[in-house]
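Visitor: Can you look at this prediction? I've put the sequence above it.
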Amino acid sequence: MVTTRNKRCLDVHKAYSSYEAKGLAHNKALELFSWNAFQQHHPRDNYVGLCNRVLHYAEGLPLALVVLGSFLFQRDEEEWEITLYKLKAIPPEDIQKVLRISYDGLDDICKKFFLNIVCSFKDCREKIVTRILDGCKFHPQIELEVLDERCLISISHGIIRMHALLQESAIERSNDVLALAWPRGAMSYWHGRELTSRLVEPKWLAGSSAMLFTLFSPQFLSYASNG
């Protein structure tokens, strides 16, 4: 079985049948959202209207329901209204911006920590990541717990996991986040064609911070530079 968000990827395999996954029905979406926002299978009475408005923006996407629900957990009605105001400005088709709502609620330290996970430590062992980032003046146990609570990551069998949509959303904004982590003109490069043109510049390479090659996807590289 192959899953993709690009229908054209399936055009070369006409012999295979395809199925377009649908969003959750309203009742199922409300139940999933409620488990994350209220720790029960239904919303509180005074939050029903607010929940229906959030569901409108999530469009039945389970990941969005989980992320938004976790973000709104234990927040008062005023904070819900502020979140809905932000969601109102997002085009309906731009689900990545919906997912950023939870990311934007992190403090600067957690944002920097999350960037490190996105760039270098997705699918790595929690113990190794903790040991490395503890030496970078982070508090990994605390930051990992916060990211897990926000459903920006999950930790399963000691491995740090992250949904592809969340990683893509973070990559799209990576230069903004890098500016926090490395204020001196930091840039990130995620594709080989972007990076290889810079590798021939010794002065630029000397100011580098980190490089990660994903061997199974030669076109996908991440690079952080101070220069």
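Guide: Thanks, I have the structure now. Numbering: from 1, shown residues only.
Visitor: ok, V48 - contacts?
Guide: Residues in contact with V48 (C-beta atoms under 8 Å, 6 or more residues apart in numbering): none are found. (C-beta placed from N, C-alpha, C; glycine too.)
Visitor: Next SSE downstream of the helix or strand hosting it?
Guide: Here V48, judged by DSSP states H and E, is contained in helix 48-58. Sequence-wise, the next helix or strand downstream of helix 48-58 (DSSP H and E) is helix 62-72.
Visitor: Show me the shaky parts of the chain.
Guide: Where the chain drops to pLDDT under 70, the residues are 2-16, 20, 91-93, 172-227.
Visitor: Do you have the helices of it handy? List them.
Guide: 26-37, 48-58, 62-72, 77-88, 95-104, 108-116, 126-134, 140-149, 164-172, 174-181, 192-199, 202-206 (DSSP state H).
Visitor: Pull out the buried residues from the helix holding V48.
Guide: By 16 or more other C-beta atoms under 10 Å, the buried positions in helix 48-58 come out as 50-51, 54-55, 57-58.
Visitor: got it, and stretch 161-174?
Guide: 162-163, 165-167, 169-171, 173-174.
Visitor: Looking at the residues you listed, which is nearest P62?
Guide: H163 (9.7 Å; C-beta to C-beta).
Visitor: still on that earlier bit, among the buried residues of helix 48-58, find me the one that's closest to Q39.
Guide: C51 (13.9 Å).
Visitor: Relative to A64, how far out is the closest one?
Guide: With distances taken as C-beta to C-beta, to the nearest Å, C51 is found 13 Å from A64.
Visitor: sorry, back to before: and the helices of the chain, which is most packed in?
Guide: Counting by mean count of other C-beta atoms under 10 Å, helix 62-72 has the highest mean neighbour count of those, with a mean of 22.
Visitor: got the end-to-end distance for stretch 51-70?
Guide: 13 Å (C-alpha to C-alpha, to the nearest Å).
Visitor: oh, I was asking about stretch 120-131
Guide: End to end - C-alpha to C-alpha - stretch 120-131 spans 14 Å.
Visitor: ditto for stretch 41-52
Guide: Note: stretch 41-52 ends 14 Å apart using C-alpha to C-alpha.
Visitor: and what of stretch 50-64?
Guide: End-to-end for stretch 50-64, by C-alpha to C-alpha: 16 Å.
Visitor: ok, the closest residue to Q39 other than its chain neighbours - contacts?
Guide: Once flanking residues are discounted, Q39 sits nearest to F73: 7.4 Å by C-beta to C-beta, 6 or more residues apart in numbering. By C-beta under 8 Å, 6+ apart, F73 lies in contact with 36-39, 149.
Visitor: Show me which pair in those residues is furthest apart.
Guide: F38 and E149 (14.7 Å).
Visitor: Would you format the buried residues of helix 48-58 as JSON lines with distance to D104 included?
Guide: Below are the buried residues of helix 48-58 laid out as JSON lines (distance: C-beta to C-beta, whole Å):
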{"residue": "L50", "distance to D104": "19"}
{"residue": "C51", "distance to D104": "21"}
{"residue": "V54", "distance to D104": "16"}
{"residue": "L55", "distance to D104": "20"}
{"residue": "Y57", "distance to D104": "15"}
{"residue": "A58", "distance to D104": "16"}
